[in-house]
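K.L.:
The following comprises the amino acid sequence and a computationally predicted model.
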Amino acid sequence: MKGKASSSRGAIDALGYDGLAYSRGGPRAAVNATLAVLHAKHAVVAWRTGMVISKADVSPTLQTPMEHAVWSSLYEGIRPLTLATRPPTRRALNSSRIELIRAGVLRPRWLWTIQRLLGVALVALAVADVVNGWGWVGAAVAAAAGVALWFTPRRTIAGQRALVAARQRYPMPASGGVELPPATVGIAVALYGDTALLAIMSRFATDGGLFDRRTTNEEVGDAPAPPINPASMGY
């Protein structure tokens with residue numbers, strides 16, 4: 001039992017805070033957790049309304065590929081959602097997604113897509129059952145199964161267990177106005193998302209646009225959102 005618990009802790013640590021964040025909430029969560037860590041390192045601040053920017057006179061210690069990618073993308077003020085579309089950050093997010101799939105935390109895109117298509121097919125079958133009068137019971141079962149498959153999360157059962165185990169190991173910290181270490185901030189935001197941001201650094205998160213779901217190009221005004229990344233859906 002002790003060996004199993006040790007192995008579980010090792011698997012959680014191997015994901016890193018950004019991997020846990022991605023498995024919980026997709027690319028947006030991973031970027032927000034990384035920005036929170038960089039802010040805790042006094043390297044990133046809110047700039048204007050809903051934007052973040054790096055501090056020019058700071059050279060932070062960067063410990064993960066995601067931190068390197070986000071830092072290199074902060075060459076000017078930018079909104080967090082737009083930050084995720086910049087090439088260095090996008091490449092880091094893609095690499096993180098691939099690693100999570102290999103670790104069995106996320107389902108491969110093809111498998112997840114097939115599951116959702118099967119869900120659509122089952123709902124269509126249920127409609128056909130009703131139209132042809134084959135029975136409401138069978139139609140209800142097919143419809144329920146179809147809806148369940150459509151809403152099957154991209155995260156696997158193993159990935160969900162890893163999140164549960166991580167939350168048991170790392171409960172939500174109580175900041176109490178005390179500045180927390182970057183490592184504590186990273187794991188808290190990774191596991192608890194907006195709740196942790198509000199508790200730990202509400203001013204930065206609010207002013208910096210970390211709660212914003214809109215995508216706005218700050219250089220040319222409102223712009224269409226970037227193409228939807230399937231990896232960000234179904235978490």
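P.N.:
Arrived safely, thanks for sending.

K.L.:
how is this structure carved up into domains?
P.N.:
Domain assignment for the chain, taken from automatic domain parsing, gives 2-107+156-232, 108-153.

K.L.:
Tell me which of those domains sits most buried.
P.N.:
domain 2-107+156-232 (a mean of 18; mean count of other CB atoms under 10 Å). Any C-beta I mention is one placed from the backbone N, CA and C, and that applies to glycine too.

K.L.:
quick one on the thing from earlier: what's the least confident stretch among the domains of the chain?
P.N.:
Lowest mean pLDDT within these: domain 108-153, a mean of 70.

K.L.:
now the end-to-end length of that domain.
P.N.:
With CA to CA, to the nearest Å applied, domain 108-153 spans 11 Å between its terminal residues.

K.L.:
for stretch 68-85, same thing?
P.N.:
First-to-last residue span, stretch 68-85, CA to CA: 15 Å.

K.L.:
what comes into contact with that stretch?
P.N.:
27-28, 31-32, 34-35, 38, 43-44, 47-48, 50-54, 60, 62, 86-93, 208-210, 212-218, 225-226 (CB atoms under 8 Å, 6 or more residues apart in numbering).

K.L.:
In helices, which of those fall?
P.N.:
27-28, 31-32, 34-35, 38, 87-93 (DSSP state H).

K.L.:
how about those in a markdown table, adding distance to residue 173?
P.N.:
Shown next, in a markdown table, are the ones in helices among the contacts of stretch 68-85 (distance: CB to CB, whole Å):
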| residue | distance to residue 173 |
| --- | --- |
| 27 | 24 |
| 28 | 22 |
| 31 | 21 |
| 32 | 16 |
| 34 | 18 |
| 35 | 18 |
| 38 | 18 |
| 87 | 34 |
| 88 | 30 |
| 89 | 26 |
| 90 | 30 |
| 91 | 31 |
| 92 | 26 |
| 93 | 26 |
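
K.L.:
Great, nothing more from me.
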